[in-house]
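predicted model follows, preceded by the sequence.
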Amino acid sequence: MKSENVDVIHNKNANRFEITIDGHVAVLDYLLMDQTITFTHTGVPPAIENRGLGSKLVKTGLDYAKEKGQNVKSMCWFVSKYIRRHPEYQDLLSQS
């Protein structure tokens, strides 16, 4: 199952975006303070790796931030790498 065939759920109570496949949950965790969303961790269990799920989670999180007019900070190497590879998201990065 490729990432385009899965839904990302925004679990606001847990401050994360999630994809669940066969009982395994891939996550993008964040902290929200004022108008800044800080992505802290991307995690994909080994059983469902190499399907583009991490990228799908990050894209969804960044699109959410853009839609809400939020600044983005990254404390996660995967999110930082994704933003470097996708210049269309670089203007979201918080300057502080």
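Arrived safely. Numbering: from 1, shown residues only.

helix or strand for residue 38, which one?
strand 36-43 (DSSP states H and E).

which residues of the protein fall in helices?
Using DSSP state H, the helices of the chain run over residues 53-68, 77-85.

out of those, deepest packed?
Among the helices of the chain, helix 53-68 has the highest mean neighbour count (mean count of other CB atoms under 10 Å), at a mean of 19. Every residue, glycine included, has its C-beta placed from N, CA and C.

re the thing from before, can you list the helices of the chain in CSV and add mean pLDDT and distance to residue 13?
Written out in CSV, the entries for the helices of the chain read as follows (pLDDT from 0 to 100; distance: least, CB to CB, whole Å):
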stretch, mean pLDDT, distance to residue 13
helix 53-68, 97, 15
helix 77-85, 97, 21
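
gap between the most centrally placed residue in the chain and residue 23?
Relative to the mean C-alpha position of the chain, the nearest C-alpha, by CA atoms, centre = their mean, is the one of residue 58, at 2.7 Å. Applying CB to CB, to the nearest Å, one obtains 22 Å for the distance of residue 58 from residue 23.

any regions of this protein where pLDDT drops low?
Low-confidence segments of the chain (pLDDT under 70): 1-4, 95-96.

show me the contacts for the residue nearest to the centre of the chain.
Contact partners of residue 58, counting by CB atoms under 8 Å, 6 or more residues apart in numbering, are 28, 39, 42, 78-79, 82.

top strand in this protein by residue count?
strand 24-33 (DSSP state E).

what's the burial count for the closest residue to residue 83 other than its chain neighbours?
Computed as CB to CB, 6 or more residues apart in numbering, the closest residue to residue 83 that is not its neighbour in sequence is residue 89, at 5.0 Å. Close neighbours of residue 89, defined as other CB atoms under 10 Å, add up to 20.

wait, residue 89 touches residue 62, no?
Yes. Contact status for residue 89 versus residue 62: in contact at 4.8 Å, counting by CB atoms under 8 Å.

okay, and the common contacts of these two?
72, 82-83.

many thanks, have a good one.
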